[in-house]
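K.L.:
Show me how the following folds:
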Amino acid sequence: MSSTYRVEGMTCDHCRAAVENHVGAVPGVTAVAVDLATGTVRVEGDPEDRLVRDAIVEAGYAVA
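P.N.:
Numbers count the residues shown, from 1 in each chain. Alright, predicted model coming up:
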């Protein structure tokens, strides 16, 4: 299963790494792919939506 989130404020590789590290630590996440050009984060696995959103906020970004 996969989900895609629109994330505001990601502009560089540091942003990508921060989001991938935080979201990748969420239980149930098997893969994370950040696309800086589109401002999206694709999450593979079966994590709780709320936990993924919380992880993105903890990384310092807003979920649109």
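K.L.:
contacts and neighbour counts: CA atoms only from here.
P.N.:
Fine.
K.L.:
Give the buried residues for the longest helix along the chain.
P.N.:
Secondary structure of the chain per DSSP state H: the longest helix is helix 13-24. By neighbour count on 16 or more other CA atoms under 10 Å, the buried set for helix 13-24 is 15-16, 18-20, 22-24.
K.L.:
Export these to a markdown table and append columns for pLDDT and distance to Ala31.
P.N.:
Below are those laid out as a markdown table (pLDDT from 0 to 100; distance: CA to CA, whole Å):
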| residue | pLDDT | distance to Ala31 |
| --- | --- | --- |
| Cys15 | 96 | 17 |
| Arg16 | 97 | 13 |
| Ala18 | 98 | 14 |
| Val19 | 98 | 12 |
| Glu20 | 98 | 9 |
| His22 | 98 | 12 |
| Val23 | 98 | 9 |
| Gly24 | 98 | 7 |
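K.L.:
Closest one of these to Arg6?
P.N.:
Taking CA to CA as the measure, Arg6 lies nearest Val19 of the buried residues of helix 13-24, at 12.1 Å.
K.L.:
List the contacts of that closest one.
P.N.:
Applying CA atoms under 8 Å, 6 or more residues apart in numbering to Val19 gives the contacts 34, 55-56, 59.
K.L.:
got it, and Gly24?
P.N.:
With CA under 8 Å, 6+ apart, Gly24 has these contacts: 30-32.
K.L.:
Tell me where the chain has helices.
P.N.:
13-24, 49-58.
K.L.:
Val7: which of those helices is closest?
P.N.:
Using CA to CA, the nearest of the helices of the chain to Val7 is helix 49-58, at 7.9 Å.
K.L.:
Give me the angle between the closest one and helix 13-24.
P.N.:
In terms of direction (axes from the mean of the first three to the mean of the last three CA atoms, to 10 degrees), helix 49-58 departs from helix 13-24 by 150 degrees.
K.L.:
got the buried residues for helix 49-58?
P.N.:
Applying 16+ other CA under 10 Å to helix 49-58 flags 52-57 as buried.
K.L.:
Stretch 2-12 too?
P.N.:
Buried-residue list, stretch 2-12, by 16+ other CA under 10 Å: 5, 7-8, 10.
K.L.:
Fine by me, we can end here.
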